[in-house]
Structure formats: structure tokens, C-alpha cells
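Colleague: I need the structure of the sequence given here:
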Amino acid sequence: MTTTELTELRRTIGQLRQCVGSLRARYGDAPAVRRLSNDIERLDIDAVELDQVQPAPLQRSASAPESIVVPDTPYDESLWHGADDEGVGGYQRHQR
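Modeller: Numbers count the residues shown, from 1 in each chain. Alright, predicted model coming up:
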């Protein structure tokens, strides 16, 4: 993470901490408030760890999926010979 990203993360965690403090004042030590408080502590610990880790190198598009060209020409009608139209009640076969 860049310094700007870490600064923004810490600022956001601080805002969450203030918000949970307001919730604690309103709801007391309710289980949901305790869980939120624990989550914020975990976020803070993770932010400190991220600050000490070297960023992973960016992956280039070497593993990008291969493009498949679909022609605009009509399909050969014989591909559909004898096939049923699903959801339309089936293919009606006429005897010739």
C-alpha cells in the first residue's frame, strides 16, 4: 500500500472507532457492539501488518484469457437438423 492508502485506511478505522463509540453510548455493551469493536481492533492489527509488508509485484496480462473470434456468417442449417427448440414446445416435424 502506498502511504496515502495507509493514511486513508487509518483515518477510516478512526472514524469507525468513533462511530462504534457512539453506538456503545446508545446501546451499552450489547453483543453486536462488542463484535463491532473486535472487528475494528482486527482491522487496526491488519493495517499495522500491511504497513510492514512489501507489496506484491503487479501481474501483467500474460495470463489474460485468449480471445475467440465468432464469425458473423450464418451457421450451416444442417447443424440444427432434428433438434428441438427448448422452451417452445418442441420442433414440429413435417413429413416431406
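
Colleague: roughly how far apart are V48 and A83?
Modeller: For V48, the distance to A83 (C-beta to C-beta, to the nearest Å) stands at 62 Å. The C-beta positions use only the backbone N, C-alpha and C, and glycine is treated the same way.

Colleague: So for these two, which sits in the more crowded spot?
Modeller: V48 (11 against 8; other C-beta atoms under 10 Å).

Colleague: show me what contacts that one?
Modeller: Taking C-beta atoms under 8 Å, 6 or more residues apart in numbering as the definition of contact, V48 has no neighbours.

Colleague: Apply 10 Å and report the result again.
Modeller: In this structure, V48 makes contact with L6, R10, judged by C-beta atoms under 10 Å, 6 or more residues apart in numbering.

Colleague: Which secondary structure element is home to it?
Modeller: The secondary structure element spanning V48 is helix 31-51 (assigned by DSSP states H and E).

Colleague: other SSEs contacting the longest helix seen in the chain?
Modeller: Among the elements of type helix in the chain, defined by DSSP state H, the one spanning the most residues is helix 3-27. In terms of contacts (3 or more C-beta pairs under 10 Å, 6 or more residues apart in numbering; DSSP states H and E), helix 3-27 is packed against helix 31-51.

Colleague: Name the residues of the helix it packs on that are buried.
Modeller: Using 16 or more other C-beta atoms under 10 Å as the burial criterion, the residues of helix 31-51 that qualify are V33, L36, S37, I40, L43, D44.

Colleague: Tell me if I'm right that the fourth one and R10 touch.
Modeller: No: taking contact to mean C-beta atoms under 10 Å, the distance of 11.8 Å between I40 and R10 leaves them out of contact.

Colleague: okay, S63: pLDDT?
Modeller: According to the model's per-residue confidence, S63 sits at a pLDDT of 67.

Colleague: Number of residues surrounding L9?
Modeller: For L9, the neighbour count with other C-beta under 10 Å is 17.

Colleague: Begin at 11 from now on, thanks
Modeller: That works, and once the first residue is 11, the last one we named lands at L19.

Colleague: who touches the closest residue to it other than its chain neighbours in this structure?
Modeller: For L19, the nearest residue in space outside its immediate sequence neighbours is A57; the separation is 5.3 Å by C-beta to C-beta, 6 or more residues apart in numbering. Taking C-beta under 10 Å, 6+ apart as the contact definition, A57 lies against M11, L16, L19, R20, T22, I23.
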